[in-house]
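Participant: Make a model of this:
(4 chains)
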Amino acid sequence: MIGLLVAAPLLGAALLLLGGRRLDRVGHWLGLAASAASLVFALVLFTDLLGKDGEERSLHQHLFSWVPVADFRADVAFQLDQLSMTFVLLITSVGTLIHLYSVGYMEHDERRRRFFGYLNLFLAAMLLLVLADNYLLLYVGWEGVGLASYLLIGFWQHKPSAATAAKKAFVVNRVGDVGLSLAILLMFTTFGSFSFTHVFAGVDGASEATLTGIGLMLLLAACGKSAQVPLQSWLGDAMEGPTPVSALIHAATMVTAGVYLVTRSGVVFDAAPDAQTVVITVGAVTLLFGAIVGCAKDDIKKALAGSTMSQIGYMMLAAGLGPLGYVFAIMHLVTHGFFKAGLFLGAGSVMHGMNDEVDMRRYGGLRKHMPITFATFGLAYLAIIGFPYLSGFFSKDEIIYAGFAKGGNEGWLLGGVMLLGAALTAYYMTRIMLMTFFGEKRWQPDEAGHEPHPHESPLVMTVPMLILAVGSVAAGFVFDSGERFVKWLEPVTGLAHGDSPVSHGEVSIAATVVMLLGVGGAYLQYGRREVPAVAPAGRLLTRAARRDLLQDDFNHVAFVQTGNYLTRGLVYLDHKLVDGMVNGTAAAFGGLSGRLRRVQNGFARSYAVSMFGGTALLVAATLLMRAV
Amino acid sequence: MSFPLLTATAAVPAIGAVATAAVPAARRTGAKWLALAFSLVTVGFAAAVLLRFDTGSGADRFQLTESHSWIEDFGVRYELGVDGIGATMIALTAVLVPFLIGAGWNDADPVEGEPQATRRWRPTQGFFALILMVEAMVVLSFAATDVFLFYLFFEAMLIPMYFLIGGFGDRAGEQGEEGQARQRSYAAVKFLLYNLVGGLVMLAAVIGLYAQTADQLDAGTFSLQAILEARASGDLDFSTGVERWLFLGFFFAFAIKAPLWPLHTWLPNAMGEATAPVAVLITAIVDKVGTFAMLRFCLGLFPEASDWATPVILVLSLVSILYGALVALGQRDMKRLIAYASISHFGFIVLGVFAMTSQGQGGATLYMINHGIATAALLLVAGFLIARRGSRLIGDYGGVQKTAPVLAGTFLVGGLATLSLPGTGPFVSEFLVLVGTFSRHQAVGIIACTGIVLAALYVLVLYQRTMTGPVRAGLEKLPDLRVRELAVVTPLIGLLLFLGVYPKPLTEIVNPAVEHTLSDVHQTDPEPQIDVSEVEAAE
Amino acid sequence: MNPENYLYLAALLFTLGACGVLLRRNAIVVFMCIELMLNAANLLLVTFSRMHGNLEGQIMAFFVMVVAAAEVVVGLAIIVMVYRSRHSASVDDASLMKL
Amino acid sequence: MSTLTTLAAETSTSTGEAVQFWVLAPLAVVGALCTVLLRRAVHSALCLAGTMVILALFYLANGAYFLGVVQIVVYTGAVMMLFLFVLMLVGVSATDSLKETLTGQRWLAAACGLGLGILLLSGIAQASAGSFTGLAEANADGNVHGLAALLFTRYVVAFEITGILLTIAAIGATLLTHRQRIERNKTQREQAEERVRKGTQVTPLPAPGVYARHNAVDLPGLLPDGTPSELTVNATLRARGQVREVHAEALAGVAALEEHTARYHGQRRPKRAVTAPRGAAVTGGAEEPPATQTTQAAAGEDGAGSTGDAAAASRDAEEARK
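Facilitator: Numbering: from 1, shown residues only, chains lettered A, B, ... in the order given. Okay, here's the model as predicted:
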């Protein structure tokens, strides 16, 4: 049954990618069906799990032995527990909605069949990632989603920027993958195995240094996949992909795989406090980084990408808090999955109506033209900024509370940072909202002279948006009432109640206040005044934030340029030194032969001289030998 | 006496070579089909070798043995036999050759109006006959358990390879017909000289080995089994110095063949100038004899010296991995890029061999097979592309994905396999090598891991520059893969995916051989720091 | 007198013949010098034969003579041939032995 | 015969033999030296023959009677005569220059020769025994009988093989020197056509000695400017270097004649100085002809260049007769 979860989209992908043109007309429905089938399986399994006791809610399925070499035993085996189940449900439900949305969004693309093939491939890989019962199989899914992400970011390959962005995403992710590889290698040398069960069982006996090493390597992997500092640079560029991709992969599911990894490896991290500290630091830095970048971007998708980064920063931070935060990291992950997907789909709907314009300064006043989009986007907006009793309110406040609960100065620092982040979130989201849907219209004909005619998107697109909006609104409440979510996940992740200097209520009030501050600030800047169609020069921080805080410039100088010089130098050396040495030897021999050849002048008498000389030498040698 | 299966496996392509060469000039197509038929029969025999190979726990190390006296005075025997590694390598060779023949179907046809196109001009026949000849010799080298016999075929395969490189280039160069011919003969001569030098050094070591056996045993022998037994029983005991010198002699030849940095520069030239199938033949099959021989001869015959040389060799293979990848990044020529990528991969293989762990060596063996198939897929598709445009320069392409999506797709899959994406065969082997290396030499393993990133870079940069972006002028009408080409590429990709998902059949055959090799070098796998077996028991 | 003197004489003649071979360019003269060397060797053989009281040396000298005769016949024929085709009997003219 | 036998049977040499050796040995050495050093091959051959005869005497003195006779009959009589025949065939007067053309060859040869000689001599000196056996016993039944006994018993196979060798050599020599004509002779017409086609020398070569008022074939004709033309002399003579020198008086006479004729016609002719004869090369050639190749090449050039000159010369001659 668990295998079927993965098999359905995999089969769909294979069919769509190998099927050829014959499937062009039904391809998208086929892809949707595969995804929906997966969702159905997931729901069946879910009810199955719900029927069991909390501690026994774990299914195993061993398919076959994958790579057996001596002690190295890698199996293809699945494990479905509450954590996996949560992810599976999120992935299949959001995935299916986005499949549906894409039917409309990609309607005019001649390569729609392939697009659905890639989407299915992604689903399969993502499900494999969360269902694997060992790190190596997880790694397969891990790289699989990377591949799908690569293919989908670069889906419009004729655009060089898309191709470059795709390559960048893959390569940066690969850097993270090195971390995962090394972590698995370390696990193998330490525990002789890399299945979750064995590793977690062996943690007690391992030295803290080793565990810290494993933890840091896992964190590196998580940073790559979840676009955390310092491997965050690819996410902004990844917005080159079609919008449903951004919604599914780069907002709701794949980028949260890092959080999954850290949570899944909680046992390891709990035993390595140093690694946890680093996780928290990374989360906190990214949280602010993403928020600042999100405040400055005019490209609606890139602004949302900054927001995604920031929100995942929250989750990472929460995951770094250990049992204090695991549950809430996952909870925020799920709610974020809903509202961020909703936001992206809304952005896609806006772009769909605006001739693929992404610059928010060219929008304005769209609420009249796209009422449904406005409504769903608005609800998701309220959810993300933590409007009371919407989903973001519950999940984010819990994380902020967990931060305070860490205790001591650290607790205050983390709480403060997260509150600042909440204010920034409110600010940039309000800014997006105002620039897009409020104010006067600012759109102009494009170069070809086409005046955009903003219109509401078709039903296949708005229905998913509506469902997600419902999710954004209700998820938090549903999860929080009676602590359902906490109880559900607790057996896997554990739960701790720290010693918080502030109460729950106080945190909620503080969060609401900073949220209102952020909204107010944005309203003053963008709601009261006319938004200029061309971005003003801005101050130093704004300009830096527009350039993603100079991360690409840094990467360019530090890696790309040095790499180029190194490569060119090595090519030169390979030709001149390594090859040159060999060719030089050959040339030296050639020259020597040329000299020696002159002795061979063709005159018989010369040869005769050498013969006689030789004879004389032989006679001399004989005589000498006798004399001695 | 049982049926001499190994001899037959080598004899079929050899007979095929003669038969193909004898086909009259006008029957060109017939010659192609004949060569294909013989190569397919070889696949059958190779399959029989795999099937007859006993992987049970009590099975002999060398199986399907044949032994006949040949040159009695020097104890040279015609001795064949395979362990699991040899059997799989023979299978790889046999499986790849039909694809190469299919891919090079029209590569050697005489050009219309070429002046030599006389009645007796038969390049096509020669091309396929030479390929089959190489196949026969490679199979024999994988099967030979007599050191002298191995040496013989190790060297003899240079001759047909020389003609394949020098005689049949692809008609796509930057310097015109004549410059191309000059480049080609340069590459062929370079290939020959490099390998001959290696072979010469090895010959000295072979003779030295014989002298040692003649000194210490009743009679001199070249037989691997006899020497291994004598070494195990202590009858044959090399002094430290002698063993090291002999080891170096053997290793030098194999390092050139493999090719290991800094002895690698012949490979880019040879692969760049040869046609794509021949380039595959070089890197996927012939070069594997080098790494295979490291496993079988270097480690088996000279365990102490292998141990002594390991640090240096590990460093060299690390340099190969990183250097190959970095230089690949800087290439303008597609085939040279793939050649440098191969150098990087050979670094991994040698790393695995000398990691002295069962994961490392098992991984290295799998790596040889997977690299063979992956490179074949990538390079053959690149060859199809080059044949269409008539240029090897990356800069001449762009946007192929738009006009020839299937070609681009297969190219991408080949590339992804080359960068060891999980789910494809190379991932399994690369990871095994890394595990094997890391469990004994942590630092080396960590550095080797960075090769993963570089591999992604050069493959994706290549793909991006050739396949994506706006369609370049002159490529608007680029035809997509034809049926023949698809028939060549699809099974290769299928194999790659199958081996990535279910490599167990191979590992089962390879594992016992690796155990034997490890016991030859008196090594055991390092134990994990923490025993988690009780967890297993509890389950 | 000691018969060894014959040996010295033979050595002297041999050396002279050798120098002639090296110095002269006319193929016929070169050939004659070779004959001189052969004769010197014969003298040596004959002298040894006497010194050792054994006829084997003379037999050897006899064979040398026969072989020399055969050689002269063929050699001169070759010289004539070469002269016909190249109009020269100089050994330096036939310098085709180099690349 | 018996006396000779007894002579050889002695274990020490007689005074007579010593005298014979000391008289003949220097002669043999001188003969050998002359063989090597004389410029004309015929002289060399004759000197060699002399040396061989002396060697034959030494063989006799050493008790090798059969060999001594064979040496004279076969070597000196047959082989050396064969040499002479071939020399005649190849050109008896073609002298060999002793000027060395290969750099360093002479020094190397001298060094090698000297070294080898010294080594041989010292080797012999080292190996000298002091006493010797003598052939008295071996030659007891007569030298020929002794040789035959060995030759037809122990060495019979070698003997037969030498027989075969000789046969092969004879056949080989015949084959080598025999030239089978594989195409028919060219007709005169064809030869003429070929000559025109080649175009180097279309007209017949100018005759020798005409203008020099001398009909000897070895005297070159003069070109209009008074220089002798080698081309007028028969090629064989040229090759042998047997072109006779044109004396200065003859040239002066020609000049005077021209002068006279000009005055008789009252013509104003450009005064032509009779230059120093270019024939210096021709005359010098008798002593030291340049290497054959260069001579031929020069002749070819001359032929091309001087055809016109020769024609002019004959025209002048006709004028003079009027």
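
Participant: And the longest helix that chain C contains, what does it pack against?
Facilitator: Assignment by DSSP state H gives helix C:56-86 as the longest helix of chain C. When contacts are defined as 3 or more CB pairs under 8 Å, 6 or more residues apart in numbering or on different chains; DSSP states H and E, helix C:56-86 packs onto helix C:27-52, helix D:65-70, helix D:80-91, helix D:143-151, helix D:156-177. (Each C-beta comes from the backbone N, C-alpha and C, glycine too.)

Participant: Just name the most buried of the ones you listed.
Facilitator: Most buried of the helices and strands packed on helix C:56-86 by mean neighbour count (mean count of other CB atoms under 10 Å in any protein chain shown) is helix C:27-52; its value is a mean of 24.

Participant: just to revisit the earlier point, compute the inter-axis angle for the longest helix of chain C and helix D:156-177.
Facilitator: Interaxial angle of helix C:56-86 relative to helix D:156-177 (axes from the mean of the first three to the mean of the last three CA atoms, to 10 degrees): 10 degrees.

Participant: Do a quick rundown of the strands in chain B.
Facilitator: B:63-71, B:76-82 (DSSP state E).

Participant: Include distance to A:M106 when you put these into TSV, please.
Facilitator: Shown next, in TSV, are the strands of chain B (distance: least, CB to CB, whole Å):
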stretch	distance to A:M106
strand B:63-71	56
strand B:76-82	53
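
Participant: Redo those as a markdown table? Include mean neighbour count, distance to chain D and mean pLDDT.
Facilitator: Converted to a markdown table, the strands of chain B look like this (neighbours: other CB atoms under 10 Å in any protein chain shown; distance: least, CB to the nearest CB, whole Å; pLDDT from 0 to 100):
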| stretch | mean neighbour count | distance to chain D | mean pLDDT |
| --- | --- | --- | --- |
| strand B:63-71 | 15 | 33 | 85 |
| strand B:76-82 | 23 | 37 | 88 |
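
Participant: So which of those strands is nearest chain C?
Facilitator: Proximity to chain C (CB to the nearest CB) singles out strand B:63-71 among these, at 36.8 Å.

Participant: by contact count, what packs against that closest one?
Facilitator: Taking 3+ CB pairs under 8 Å, 6+ apart as the contact cut, strand B:63-71 packs with helix B:5-21, helix B:28-52, strand B:76-82.

Participant: remind me, longest helix of the chain?
Facilitator: Picking chain A for this. Criterion DSSP H: the longest helix present in chain A is helix A:160-191.

Participant: actually chain B
Facilitator: Per DSSP H, chain B has its longest helix at helix B:176-216.

Participant: how many degrees apart are it and strand B:76-82 in direction?
Facilitator: Using the same axes, to 10 degrees, the direction of helix B:176-216 lies 110 degrees away from that of strand B:76-82.

Participant: Counting by contacts, list what helix B:176-216 packs against.
Facilitator: Applying 3+ CB pairs under 8 Å, 6+ apart, one finds that helix B:176-216 contacts helix B:147-156, helix B:158-167, helix B:224-233, helix B:240-257, helix B:266-273.

Participant: ok, now with 10 Å
Facilitator: In this structure, helix B:176-216 packs against helix A:579-597, helix B:147-156, helix B:158-167, helix B:224-233, helix B:240-257, helix B:266-273, helix B:287-293, with contacts taken as 3 or more CB pairs under 10 Å, 6 or more residues apart in numbering or on different chains; DSSP states H and E.

Participant: Any figure for the gap between A:T277 and chain D?
Facilitator: A:T277 sits 87 Å away from chain D, going by CB to the nearest CB, to the nearest Å.

Participant: ditto for A:D204
Facilitator: From A:D204 to chain D the distance is 90 Å (CB to the nearest CB).

Participant: so that residue sits right up against A:D270, yeah?
Facilitator: No - the criterion here is CB atoms under 10 Å, and A:D204 misses it with A:D270 at 11.0 Å.

Participant: neighbour count winner among these two?
Facilitator: Per other CB atoms under 10 Å in any protein chain shown, whichever of A:D204 and A:D270 has more neighbours is A:D270, with 18 against 9.

Participant: wait, the more buried one sits on A:V279?
Facilitator: No - judged on CB under 10 Å, A:D270 makes no contact with A:V279 at a distance of 11.3 Å.

Participant: any residues in contact with both of those two?
Facilitator: A:G215, A:G322 (CB atoms under 10 Å, 6 or more residues apart in numbering or on different chains).

Participant: For chain B, which residue gets nearest to chain C?
Facilitator: Closest point on chain B to chain C, by CB to the nearest CB, is B:V189, at 18.6 Å.

Participant: per-residue pLDDT, that residue?
Facilitator: Looking at B:V189, its pLDDT is 89.

Participant: repeat for A:G416
Facilitator: pLDDT, A:G416: 90.

Participant: try the one 3 residues further on
Facilitator: We have a pLDDT of 91 for A:L419.

Participant: host element of it?
Facilitator: If you go by DSSP states H and E, A:L419 is part of helix A:408-437.

Participant: Show me what counts as buried in that helix.
Facilitator: A:411, A:414-415, A:417-437 (16 or more other CB atoms under 10 Å in any protein chain shown).

Participant: Next secondary structure after it?
Facilitator: Next element after helix A:408-437 (DSSP H and E): helix A:459-480.

Participant: mind listing what's buried in that following helix?
Facilitator: Buried-residue list, helix A:459-480, by 16+ other CB under 10 Å: A:460-462, A:464-469, A:471-476, A:479-480.

Participant: Can you tell me which helices and strands that helix packs against?
Facilitator: helix A:82-105, helix A:243-247, helix A:326-353, helix A:371-384, helix A:391-405, helix A:484-493.

Participant: Could you pull out the helices in the stretch 1-150 of chain D for me?
Facilitator: D:2-9, D:15-37, D:41-61, D:65-70, D:80-91, D:105-127, D:143-151 (DSSP state H, counting those that start in this stretch).

Participant: Of the ones you listed, which is nearest A:P532?
Facilitator: Closest approach to A:P532 among the helices of the stretch 1-150 of chain D is made by helix D:105-127 (98.6 Å; CB to CB).

Participant: Could you tell me how far that closest one lies from the centre of the chain?
Facilitator: 28 Å (CA atoms, centre = their mean, to the nearest Å).

Participant: Okay, angle between that helix and helix D:15-37 too, please.
Facilitator: Counting by the same axes, to 10 degrees, helix D:105-127 lies at 160 degrees to helix D:15-37.

Participant: Rounded mean pLDDT for helix D:105-127, please.
Facilitator: Average pLDDT, helix D:105-127: 84.

Participant: how about that helix: buried residues?
Facilitator: Under 16+ other CB under 10 Å, the buried positions of helix D:105-127 are D:105-106, D:108-109, D:112-113, D:115-117, D:119-120, D:123-124.

Participant: Which elements pack onto that helix?
Facilitator: So helix D:105-127, by 3+ CB pairs under 10 Å, 6+ apart, packs with helix A:604-627, helix C:4-23, helix C:27-52.

Participant: Try it again at 6 Å.
Facilitator: helix A:604-627, helix C:4-23 (3 or more CB pairs under 6 Å, 6 or more residues apart in numbering or on different chains; DSSP states H and E).

Participant: Please identify which of the ones you listed is closest to chain B.
Facilitator: helix A:604-627 (26.7 Å).

Participant: So the closest one, near chain C or not?
Facilitator: Yes - if you take CB under 6 Å from any CB of the partner chain as the test, helix A:604-627 does meet chain C, through A:A604, A:R605, A:A608, A:V609, A:F612.

Participant: Is it correct that the fourth one is in contact with D:W107?
Facilitator: No - contact between A:V609 and D:W107 fails when scored by CB atoms under 6 Å: they sit 9.8 Å apart.

Participant: Right, I'll leave it there.
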